[in-house]
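J.: Based on what follows, work out the 3D shape:
(2 chains)
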Amino acid sequence: MSNINKIKTIFAGTPEFSIPSLKALINDNFFEVVAVITQGDKKVGRKQILTSPAVKIEAIKNKIPVLQPVKIENDLERIKKLKPDIMVFVSYGQIIKQNLLDIPRLGCFNLHGSILPKYRGAAVIQAPIINGDKFSGATIIKMDEGLDTGPIIKQNKIILEPNETSESLYNKISIQGADLLVNALKGYIEGKIKPKNQDDSETTYIPKLKKEDGKIDWSKDALKIERETRALNPFPGAYTKLEDKNLKIKKVSSNILNINKFPFGKIFLYKNNLVIQCGKNALIIEKLQLEGKKEMETKDFLQGHRDIEGKILE
RNA sequence: CGCGGGGUAGAGCAGUUGGCAGCUCGCCAGGCCCAUAACCUGGAGGCCGUCGGUUCGAAUCCGACCCCCGCAA
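T.: Prediction:
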């Protein structure tokens, strides 16, 4: 088979989320991935070990050239020389301007982790979980200069499970999105799919989550906190303070107790469960992690913390 | 050399004027009971992170290293 007829593709992505899409493009004979663009190596973790992005590692495995520009705008000439037919962006991490969008003959495309136009921006995986939506999903758009504003080629809805977390949804969208991406690109390039413009009136911009966004406000409704706990794990993590120590709330029960007799933040026991009083109703904690310790089941935690009842979380 | 907490039974934790290694849960056996995650009796299970030092004697004091975690980045 000749390479002449393949769609010359440049893939831009960075974290684990991008990997299924990259693999799908590499393994599909319709495309030829001629280069991969990713962010620079970063120092990671407590020991600040210099680590390559997941996408770089996967590209090297497949003997595909890797570019790691500090600013992609400064590398336009090198990209032009590759004469790409398309460029595909999956969680790359840099803003793309018009002068780059104009380079590939057939345009630039993006896998977005929500059902556009509802959530644009950064924390779009988390947003539907926090809001208690029935579904989320993946969207393939043809990129324009706005942030997540380009016309929609294809979408795939995912029903949210009652115990859905950002982590589980992230994985689902990453995997299902890869399939969607390949099908959408083929359909579009073969002229079978006509992109549809987004309705800008139905959008919300979701900013990036910060560390502080994980701090639990116990004065809120237990229902809201339960959703936040699922949305905020694993990053930035839902946490609270127990006597000056960080206490991560890893998992709470979806079975919310109709109890409202304590001040919010108070810990009490109910049928051998560790329960926290919220502003409205109360939450059963199932898994937690105290600073310095590993994540554990609440019943294990209780074995070593007999005097926990009555303490107040901040 | 960024700051700090920790490593003791399968799990969670106590345990420093250095002196027989403990508690709760779980597990195993038996008992009670219409029955039970309840209760009673008995039992197994430890190189106290690793290596070295001090000492008559170290989980405990000193030194080095390994691993886990929080903060910061």
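
J.: residue of the stretch 1-150 of chain A with the smallest distance to RNA strand B?
T.: Relative to RNA strand B, the nearest point of the stretch 1-150 of chain A is A:R46 (4.5 Å; Cβ to the nearest atom of the strand). From N, CA and C alone the C-beta is placed, and that goes for glycine too.

J.: could you point out the longest helix in chain A?
T.: Identified as the longest helix of chain A according to DSSP state H is helix A:166-189.

J.: Okay, buried residues for that helix please.
T.: A:166, A:169-170, A:172-178, A:180-185, A:188-189 (16 or more other Cβ atoms under 10 Å).

J.: correct me, but A:L242 touches A:L313?
T.: Yes - between A:L242 and A:L313 there is a contact under Cβ atoms under 8 Å: 5.9 Å.

J.: if we can go back for a sec, got the phi/psi numbers for the residue of the stretch 1-150 of chain A closest to RNA strand B?
T.: Main-chain dihedrals, A:R46, degrees, to the nearest 10: phi -60, psi -30.

J.: Does the residue of the stretch 101-250 of chain A found nearest RNA strand B belong to a helix, a strand or coil?
T.: Here the stretch 101-250 of chain A gets closest to RNA strand B at one residue, A:N246, 4.3 Å apart by Cβ to the nearest atom of the strand. Secondary structure state of A:N246, per DSSP: H, G, I helix; E, B strand; the rest coil, is strand.

J.: what number of residues lie near the closest residue to it other than its chain neighbours?
T.: In space, and not counting its chain neighbours, A:N246 is closest to A:E291: 4.3 Å by Cβ to Cβ, 6 or more residues apart in numbering. By other Cβ atoms under 10 Å, the residues close to A:E291 number 12.

J.: residues contacting A:E291?
T.: The contact partners of A:E291, taken as Cβ atoms under 8 Å, 6 or more residues apart in numbering, are A:K245, A:N246, A:L247.

J.: got TSV for these, with neighbour count and pLDDT too?
T.: TSV is the format used below for those (neighbours: other Cβ atoms under 10 Å; pLDDT from 0 to 100):
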residue	neighbour count	pLDDT
A:K245	11	89
A:N246	15	93
A:L247	21	95
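
J.: Could you single out the nearest of these to A:L25?
T.: Nearest to A:L25 out of the contacts of A:E291 is A:N246 (Cβ to Cβ; 41.0 Å).

J.: Mind listing what's buried along the strand or helix carrying A:A138?
T.: Assigned by DSSP states H and E, A:A138 belongs to strand A:135-142. Buried residues in strand A:135-142, counted by 16+ other Cβ under 10 Å: A:S136, A:G137, A:A138, A:T139, A:I140, A:I141, A:K142.

J.: For the last one, which residues are in contact?
T.: Taking Cβ under 8 Å, 6+ apart, we find A:K142 in contact with A:G107, A:C108, A:F109, A:G150, A:P151, A:I153, A:Y188, A:P195.
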